[in-house]
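> Build me a model from this:
(2 chains)
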Amino acid sequence: LAKTTQPISMDSYEGQEVNITCSHNNIATNDYITWYQQFPSQGPRFIIQGYKTKVTNEVASLFIPADRKSSTLSLPRVSLSDTAVYYCLVGDINGSARQLTFGSGTQLTVLP
Amino acid sequence: EADIYQTPRYLVIGTGKKITLECSQTMGHDKMYWYQQDPGMELHLIHYSYGVNSTEKGDLSSESTVSRIRTEHFPLTLESARPSHTSQYLCASTEVGYNEQFFGPGTRLTVL
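Here you go, the predicted model:
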């Protein structure tokens, strides 16, 4: 199982870009990297997924270096509503569900 | 917008009661999951299913049971609830071969 390590918490101010890094040193060839966002008392929500290099969608970018041993979720110009827990998952999309562990996540607090 | 539903949203019951938490999705997804999450803590996979008549236990030992008689329905049952079962239970589903899990709103269970 590819174990992930993220910072426990981060603070930022409104309008800033936030980068959250996830380490996954033993990522396997078939593993994808997926990020989720979770607000209190709600289920997690998918943000972005990637395999290598850079992926961008309407809410975030995901940067994955060539060795794939880490990844960085980038949130441009955060607002107060981006305060949430962010989870990094690594696993084979065709593999066992047991591989997709959420871990502790990173609590992002956006300050006014 | 994901179409995955959980009922009830909140449940307070006494010790020893039998309960069933309902989860339904209208997306035709084959893969479905149950997670348990205590406030501020990690999500733990307790059950998953790859399709009708397929169920497996997750990483976290759970005294609950699940069934998958129809694709859209994945109920979780506790035969005899105890205070240690107090938690939030999250249901999710995904297409085969794709990592994006769609989560329901969760059921917050309190056992007195």
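> give me the number of residues near residue 73?
If you meant another chain, say so; for now it's chain A. 25 (other C-beta atoms under 10 Å in any protein chain shown). Bear in mind the C-beta positions are built from the backbone N, C-alpha and C, glycine included.
> um, chain B though
B:His73, neighbours per other C-beta under 10 Å, totals 14.
> What are the neighbouring residues in contact with the residue of chain A found nearest chain B?
Proximity to chain B, evaluated over chain A using C-beta to the nearest C-beta, is greatest for A:Gly43 at 2.7 Å. When contacts are counted by C-beta atoms under 8 Å, 6 or more residues apart in numbering or on different chains, A:Gly43 touches B:90-92, B:103-106.
> Among those residues, which one has the most neighbours?
Going by other C-beta under 10 Å, B:Cys91 tops the contacts of A:Gly43 with 29 neighbours.
> For A:Thr106, see how far away A:Ser12 is.
11 Å (C-beta to C-beta, to the nearest Å).
> the more surrounded of the two?
Between A:Ser12 and A:Thr106, counted using other C-beta under 10 Å, the more crowded position is A:Thr106 (21 against 18).
> Roughly how far does the more buried one sit from A:Asp31?
20 Å.
> So in terms of bridging, what pairs with the residue nearest the centre of chain B?
Taking C-alpha atoms, centre = their mean, the centroid of chain B lies closest to B:Trp34, which sits 3.3 Å from it. Using DSSP bridges, the bridge partners assigned to B:Trp34 are B:His47, B:Cys91.
> Quick check: pLDDT value at the residue of chain B found nearest chain A.
Residue nearest to chain A within chain B (C-beta to the nearest C-beta): B:Phe103, separated by 2.7 Å. Model confidence at B:Phe103, given as pLDDT, is 93.
> if we can go back for a sec, which residue, other than its chain neighbours, is closest to the residue of chain A closest to chain B?
B:Phe103 (2.7 Å; C-beta to C-beta, 6 or more residues apart in numbering or on different chains).
> I'd say that neighbour and B:Ile4 touch.
Yes: at 6.8 Å, B:Phe103 and B:Ile4 qualify as touching, with contact defined as C-beta atoms under 8 Å.
> Next, show the common contact partners of those two.
Residues touching both B:Phe103 and B:Ile4 by C-beta under 8 Å, 6+ apart: B:91-92.
> Fine by me, thanks again.
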